[in-house]
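Trainee: Output the structure for:
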Amino acid sequence: MKIKHQLAIFNALTRLLVILVLWLMLPILVENVVYRHINNGLVEKKKKFIEHLNQNEIDDFIVNADDSTETYSQFSSLHSEFLVLSRLQKLPNQEKTTFVNENRIIEGEENEYRILQYHFTYENIGYELEIGSSLAEVKDLTFIIKLFIIIVLVVIVLITFLADTFYIEYLLKPFYKIIDTKIRRVNEPEAFDHTPIKAHSADFRELDSVLNQMMDRIGELFKKEKQFISNVSHELLTPIALLKNKFENLLQNESLNDNAVDKIVSSLKTLDMLKKIINNLLLISRIENNQYAANEVINFHEIVSGLYEDLQDRIDDKEIAFSNKMEHDFNFVGNKTLIHILLYNLVTNAIKYNKEKGSIVVSDGFLNQQYYLSISDSGIGMNETQIENIFNRFTRINSDQEGQGLGLAIADSIASFHHIDIKVTSKPNEGTTFLLLFPNSIKA
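Mentor: Model prediction:
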């Protein structure tokens, strides 16, 4: 997930957390505000009632405390308010006002009320005044307020999420441009673009500047490495060629005995092996330094058929059954010479470690819409430890076999150069399969 999406989601989650907290606190806040408003209204009504209180008023409103039925002296037609005055059996110690929420039944209809209860004394007689206000409308209003607020907050979250996404994308646009135009080209220092990236953020400008400086340094090291490779090619291969010529000239000397001839021949083989090792190491170095072009259209049928013809003698020597089961006409853009070396090394490896009268099968297909090329053999196979190390340089599966242990290292370098994934499956004494997964983006 990209950083812009992570930041937008984080901002949205924090806002949702705020909404959750508000949602939990909202009933308490609303009830406090509403109850305070209702309480003030009930207190005002109590003051007005007490100010005009006289015996006639008491007689009109009084309710016998011994009456077992609830009788309300005065209530509104919609039962939203009521007022009742009751005589107390005992004189109250002091005037006392309390507020409670209770259910009351008025004319057979039960509702919840916010009730002011006021105990007072009038002419040495104790009374209880109750003034109630219905909470039904308040609860409806509270629900509407909560619903309205939650809708507004959700809309705000959605709007701010979209705004954050676009704004973060705008802020990070220089960052992604640096990735696309610079960081992804670190393997191509000669083609690196040093043009400064336009950015409003000082952080991105500094990152761009540091990358340019780093690539300048890498470019210098790359040139030095290329020069070193060139020097190695000349300084090492030239003496080897001279020594080889001298040994070959010595072989023409008829005065040499058989023992001397054998030593010279052995020295020539050693020089040939040394030359191959140097050439292979130089090849790996050139591949890893991207010194090869990758703009040729490659036909795998043509390469595999050519490999069979070139290696037929070696295949026949071990009586190996070679099967080409390729069915797809898949063209790939890359370096034809390197791909030929890659497949050549895998096939020769399958021959080298195969059994007498074994088999080699080359097949292809598509795995998850990705083209693959498979090379399977019925050879000695490998265990898990060997599989982990086969692409290391100078590693050989069997020390009895000839070679320098660079074939699969070269194959791995060529695969990495072409963004090809190599999957290896193997079991001891059952065989090995190399699966090459080709990237769709470079397909011809």
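Trainee: Can you tell me the closest non-neighbouring residue to residue 129?
Mentor: In space, residue 129 comes closest to residue 118 once its chain neighbours are excluded; the distance is 4.3 Å by Cβ to Cβ, 6 or more residues apart in numbering. C-beta coordinates here come from the backbone N, C-alpha and C atoms, glycine included.
Trainee: who does whichever strand or helix holds the one you found pair up with?
Mentor: In this assignment (DSSP states H and E), residue 118 forms part of strand 109-122. Applying DSSP bridges to the sheet, strand 109-122 is found paired with strand 96-106 (antiparallel), strand 125-134 (antiparallel).
Trainee: and those strands, which is most packed in?
Mentor: Stretch with highest mean neighbour count among the strands paired with strand 109-122: strand 125-134 (a mean of 20; mean count of other Cβ atoms under 10 Å).
Trainee: gap between that strand and the chain center?
Mentor: Mean-position distance between strand 125-134 and its chain equals 67 Å (Cα atoms, centre = their mean, to the nearest Å).
Trainee: Contacts made by it with the rest, please.
Mentor: 38, 41-42, 45-46, 49-50, 58, 79-92, 104, 111-121 (Cβ atoms under 8 Å, 6 or more residues apart in numbering).
Trainee: How about stretch 99-116?
Mentor: Here stretch 99-116 has contacts from 35, 38-39, 42-43, 45-46, 70, 72, 75, 79, 82, 97-98, 117, 129-136, 138-139, using Cβ under 8 Å, 6+ apart.
Trainee: what about 10 Å?
Mentor: Applying Cβ atoms under 10 Å, 6 or more residues apart in numbering, the external contacts of stretch 99-116 come out as 31, 34-35, 38-39, 41-43, 45-46, 70-72, 75-76, 78-84, 97-98, 117, 129-136, 138-139.
Trainee: Ends of it, what's the gap?
Mentor: Stretch 99-116 has an end-to-end distance of 5 Å (Cα to Cα, to the nearest Å).
Trainee: so the residue nearest to residue 129 touches residue 42, yeah?
Mentor: Yes: using Cβ atoms under 10 Å, residue 118 makes contact with residue 42 at a distance of 9.3 Å.
Trainee: which stretches of the stretch 151-300 of the chain form helices?
Mentor: According to DSSP state H, counting those that start in this stretch, the stretch 151-300 of the chain carries its helices in the segments 202-251, 258-288, 300-310.
Trainee: Can you lay out those as CSV showing mean pLDDT, distance to residue 357 and mean neighbour count?
Mentor: Converted to CSV, the helices of the stretch 151-300 of the chain look like this (pLDDT from 0 to 100; distance: least, Cβ to Cβ, whole Å; neighbours: other Cβ atoms under 10 Å):
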stretch, mean pLDDT, distance to residue 357, mean neighbour count
helix 202-251, 78, 38, 13
helix 258-288, 82, 29, 14
helix 300-310, 90, 17, 15
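Trainee: now those helices as TSV including distance to residue 338?
Mentor: Putting the helices of the stretch 151-300 of the chain into TSV (distance: least, Cβ to Cβ, whole Å) gives the following:
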stretch	distance to residue 338
helix 202-251	16
helix 258-288	7
helix 300-310	11
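Trainee: Nearest to residue 317, out of those helices?
Mentor: Set against residue 317 and scored by Cβ to Cβ, the helices of the stretch 151-300 of the chain come closest in helix 300-310, at 13.7 Å.
Trainee: Which strands and helices lie in contact with that closest one?
Mentor: Packing partners of helix 300-310 (3 or more Cβ pairs under 10 Å, 6 or more residues apart in numbering; DSSP states H and E): strand 321-325, strand 331-334, helix 336-352, strand 359-367, strand 370-377.
Trainee: Dump that helix to CSV, keeping only the CA atoms.
Mentor: The C-alpha coordinates for helix 300-310 follow below in CSV (Å, rounded to 0.1, in the frame of the first residue of the first chain):
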residue,chain,number,x,y,z
PHE,A,300,12.7,-19.5,-27.6
HIS,A,301,11.8,-22.3,-30.1
GLU,A,302,14.8,-21.2,-32.2
ILE,A,303,17.2,-21.2,-29.3
VAL,A,304,16.1,-24.5,-27.8
SER,A,305,16.3,-26.2,-31.2
GLY,A,306,19.8,-24.8,-31.8
LEU,A,307,20.9,-26.0,-28.3
TYR,A,308,19.8,-29.5,-29.1
GLU,A,309,21.8,-29.6,-32.3
ASP,A,310,24.9,-28.1,-30.6
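Trainee: Sweet, I'm off.
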